[in-house]
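Colleague: this one's structure only:
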């Protein structure tokens, strides 16, 4: 599982910073799969914890988290 965030500036009456969070997994056939994309305001540990909890709740079969 790979996790990353991309920061963007969006213009909508004013310039606002947004973050696109991406979680990518590799299946048993060594193919990449996007497990999820979320959009938020700031990158922080609480948001990443929520993302990981959501992945755990989805009960991905064969999901291994290496640290």
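Modeller: Good, I have the coordinates. Treat the numbers as computed from the prediction; the structure is a model and nothing was measured.

Colleague: please make it C-alpha for all contacts and neighbour counts, starting now.
Modeller: Fine.

Colleague: each with direction, which strands does the lengthiest strand in the chain pair with?
Modeller: The residue-count maximum for a strand in the chain (DSSP state E) belongs to strand 15-26. If you go by DSSP bridges, strand 15-26 pairs up with strand 2-11 (antiparallel), strand 32-40 (antiparallel).

Colleague: TSV for the ones you listed, including mean neighbour count?
Modeller: Below are the strands paired with strand 15-26 laid out as TSV (neighbours: other CA atoms under 10 Å):
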stretch	mean neighbour count
strand 2-11	13
strand 32-40	13
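
Colleague: which of the ones you listed sits closest to residue 57?
Modeller: When these are compared by CA to CA, strand 32-40 sits nearest residue 57, at 12.6 Å.

Colleague: quick check: mean pLDDT across the closest one?
Modeller: Strand 32-40 shows a mean pLDDT of 87.

Colleague: that one: how far from the chain's middle?
Modeller: 5 Å (CA atoms, centre = their mean, to the nearest Å).

Colleague: go through the helix or strand following that strand and flag the buried ones.
Modeller: Next in sequence after strand 32-40, counting helices and strands by DSSP states H and E, comes helix 45-57. Within helix 45-57, the residues that qualify as buried are residue 51, counting by 16 or more other CA atoms under 10 Å.

Colleague: mean confidence for helix 45-57?
Modeller: Computed over helix 45-57, the mean pLDDT rounds to 83.
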